[in-house]
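A.B. asks: What follows is a protein structure lacking sequence information:
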């Protein structure tokens with residue numbers, strides 16, 4: 001074989017056993033097996049729940065929830081062969097562990113009652129099925145329960161109560177211990193024997209130690225009334241118990257701790273429970289003291305007389321009383337009981353209600369001391385409250401004895417702390433001296449800064465909030481009394497302050513005067529105000545300093561100068577507020593500002609509206625507040641006194657809708673208003689405008705433009721519709737010249753604002769088309785200018801449209817720029833259909849002009865002002881494809 005033959009012989013290669021093409025099928029198969037495994041191991045579980053009915057249960061919408069988490073969905077509803085319906089649902093794989101024989105399901109729907117509102121969230125999400133895990137083997141068939149199972153907080157104590165009837169006890173009824181809520185009723189059921197009611201309630205963990213073997217429970221629900229010869233007795237524990245019911249209990253201190261699941265009796269009231277503490281009261285007579293009379297401590301009932309009998313051995317009446325266990329600690333030696341009888345005289349009027357209901361018994365606990373008090377169950381009832389000695393005697397000085405008499409009470413915050421012991425004239429005859437006695441337990445309230453005031457009569461205060469009537473107790477209303485005021489609260493544990501024997505206290509005519517201090521006894525300060533017109537005030541009108549009354553108007557007269565004099569009387573304690581630089585102004589009546597935002601009424605006070613008023617304050621430096629004769633000036637307002645307005649004149653060809661009070665606005669802010677409108681000798685309207693001092697330097701310069709803003713409705717839109725209600729107003733564009741006082745007004749807004757004046761150019765066309773003044777000029781659908789004028793050419797052969805190109809876009813206009821109408825729309829109809837084209841909705845309504853520049857001839861020079869261009873009649877689509885780069889200069 002030659003070398004050439006050897007070179008041309010083919011080489012045989014061995015073929016691979018596995019082709020790479022099998023790699024993708026193998027991966028797909030493994031992925032499929034993995035997905036199959038996941039579906040098998042994470043498959044949902046189908047369960048069946050039997051309900052009495054399927055109200056508000058919807059397939060594929062009603063969810064199964066556990067602790068608010070969705071764990072399943074209803075998939076099917078079918079009728080049961082016997083009764084009710086069967087709900088077929090799917091439970092997600094992660095919740096399968098809860099599907100046990102004793103697992104409970106129930107339907108949650110919105111329910112409302114006086115005690116509670118449940119299922120409120122279902123108003124938005126719809127009803128749902130709730131799940132409570134149970135014990136037992138795995139299961140898929142369940143029967144729904146009709147109500148939610150009992151659930152109580154962790155480690156709470158479950159208490160069983162039995163009652164003859166449920167009364168107003170419901171699920172959610174609170175349990176109280178000494179008026180503190182400690183638990184709640186969770187179930188109310190009729191016993192199997194139908195003889196009584198079983199009530200289950202839980203006690204929170206931190207209060208569970210309160211329940212003992214001898215605890216007694218009674219009902220405090222609702223309002224209870226007892227009608228007898230003693231009168232009508234109403235009992236109401238709390239507003240909560242009136243609406244939702246309530247249960248309370250008492251546990252004796254010596255009772256054993258609860259060790260088993262004991263059932264307690266729920267009594268109808270505390271008397272039936274015999275939980276009260278029994279005490280014996282000895283009385284000499286029981287005239288007008290009925291059985292059932294109350295025992296009152298500081299106005300609060302703490303017990304009731306349950307029985308009255310006569311003891312021949314003691315020759316006294318023995319009253320058995322039941323005391324509320326909450327006050328058991330007060331039943332010690334030293335405690336006092338006394339009869340509260342009716343007292344009717346000019347010196348004292350007490351307990352008028354006893355005429356109908358009978359007398360009652362007052363109670364006072366023993367005074368606190370370092371020694372421990374021993375419990376006591378027998379007490380003697382006195383005919384009146386025993387005084388506590390020794391008393392503290394004080395001397396008060398009063399201008400007169402009106403409203404005072406011996407025996408009148410001394411009160412502090414409505415509580416009697418003493419009485420008037422003696423009334424007499426002082427040695428110099430200038431004052432009335434009242435000697436008062438303060439009871440021992442209240443002497444800590446008295447110190448050298450204490451103030452006493454007359455406590456009698458009725459005070460009426462009227463304001464915008466309404467009429468407030470303050471009356472003293474009936475005893476003080478008829479015979480008078482004295483009240484005590486301390487500027488700072490005094491702690492009950494405070495040690496009584498040692499007072500100097502020569503200390504004298506002044507008696508103030510009222511509590512409000514006492515708060516003001518001793519300065520109220522100083523003489524008033526009289527001053528005069530002069531004004532051209534008499535202010536809208538009357539004698540007695542208040543004088544305010546920073547809205548606080550410090551005096552009143554005392555009279556009027558005509559001054560020798562012909563001005564009106566208003567005389568003021570400033571209270572002595574406020575004389576220091578009146579200084580040389582004080583400024584006075586009238587605040588009588590009220591101001592009304594109406595607009596689209598509503599009606600704003602400004603007034604200083606109700607009294608200022610009715611009778612007028614005058615305000616005073618310190619004027620800024622440089623303000624002349626007095627006349628040469630020393631009298632103060634009375635200004636019409638604080639602004640008129642401290643910030644006089646600057647007046648300018650604006651002349652208009654016509655008055656249009658201008659009127660006195662028309663506002664002048666700068667960028668929406670009110671900077672002034674028209675004070676007067678006059679017609680000048682040239683029959684033009686002159687508006688005299690008051691400019692706010694803060695804006696004088698801004699809007700009173702030469703070059704400032706003023707124009708009238710009114711509503712404008714057209715196809716292009718609606719503007720300034722608010723003026724249809726509020727009326728026209730003046731707008732202002734500030735100038736930059738020197739300060740001036742006379743200006744020329746414009747009937748409408750300027751065509752262009754100063755900042756937008758740019759490059760003016762002209763377009764020539766056969767007719768004006770749909771363009772108008774204000775129509776936009778577009779470049780690539782961006783507005784770069786607008787039409788500012790439109791008129792016939794000089795020879796009337798065409799129309800000349802003047803455009804203003806905004807300054808920032810003036811470089812876009814070149815000598816070879818093309819302009820064509822952007823107004824309206826183009827409709828092209830062909831074999832393939834109809835085509836409707838419009839530049840924009842704005843141009844369809846308002847009209848407009850488009851422009852572009854040829855990019856095939858290079859960049860031409862920028863156009864000069866008033867360069868003339870031809871407005872093309874027909875549109876060429878290639879103009880839209882030009883993309884000439886035009887850099888800014």
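C.D. replies: Received the coordinates, thanks. This is a predicted model, so every value here is computed, not measured.
A.B. asks: switch to C-alpha atoms for all contacts and neighbour counts from now on
C.D. replies: Noted.
A.B. asks: show me where pLDDT drops low in the stretch 701-850 of the chain?
C.D. replies: Applying pLDDT under 70 to the predicted model, the residue ranges of the stretch 701-850 of the chain that meet it are 714-718, 750-757, 823-846.
A.B. asks: Show me the strands in it, by range?
C.D. replies: Secondary structure of the stretch 701-850 of the chain by DSSP state E, counting those that start in this stretch: the strands cover 705-709, 712-714, 717-719, 729-733, 742-746, 759-765, 776-779, 782-792, 799-805, 817-821, 826-830, 833-837, 849-853.
A.B. asks: The longest one packs against which elements?
C.D. replies: When contacts are defined as 3 or more CA pairs under 8 Å, 6 or more residues apart in numbering; DSSP states H and E, strand 782-792 sits against strand 776-779, strand 799-805.
A.B. asks: out of the strands of the stretch 701-850 of the chain, nearest to residue 291?
C.D. replies: Set against residue 291 and scored by CA to CA, these come closest in strand 729-733, at 81.9 Å.
A.B. asks: Give me the residues contacting the closest one.
C.D. replies: If you take CA atoms under 8 Å, 6 or more residues apart in numbering as the criterion, strand 729-733 is touched by 658, 662-667, 699, 704-710, 723.
A.B. asks: Endpoint to endpoint, stretch 174-184 covers what distance?
C.D. replies: 4 Å (CA to CA, to the nearest Å).
A.B. asks: Quick check: which ranges of the stretch 151-300 of the chain have low pLDDT?
C.D. replies: In the stretch 151-300 of the chain (pLDDT under 70), the answer is 222-245.
A.B. asks: one step back: closest to residue 513 out of the helices and strands packed on strand 782-792?
C.D. replies: strand 776-779 (73.9 Å).
A.B. asks: which other helices and strands contact that closest one?
C.D. replies: Strand 776-779 packs on strand 782-792, strand 849-853, going by 3+ CA pairs under 8 Å, 6+ apart.
A.B. asks: For the helices and strands packed on strand 782-792, please prepare JSON lines with the additional fields distance to residue 185.
C.D. replies: Compiled in JSON lines, the helices and strands packed on strand 782-792 are given as follows (distance: least, CA to CA, whole Å):
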{"stretch": "strand 776-779", "distance to residue 185": "77"}
{"stretch": "strand 799-805", "distance to residue 185": "82"}
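A.B. asks: closest to residue 490 out of those?
C.D. replies: That would be strand 776-779 among those, by CA to CA, at 79.6 Å.
A.B. asks: Residues in contact with the closest one: which ones?
C.D. replies: Under CA under 8 Å, 6+ apart, the answer for strand 776-779 is 783-787, 803, 805, 843, 847-852.
A.B. asks: How far does stretch 189-208 stretch from one end to the other?
C.D. replies: 23 Å.
A.B. asks: from the chain's centre, how far out does that stretch sit?
C.D. replies: A distance of 42 Å separates the centroid of the chain from that of stretch 189-208, by CA atoms, centre = their mean, to the nearest Å.
A.B. asks: buried sites along it?
C.D. replies: Across stretch 189-208, burial judged by 16 or more other CA atoms under 10 Å covers 190, 197-204, 208.
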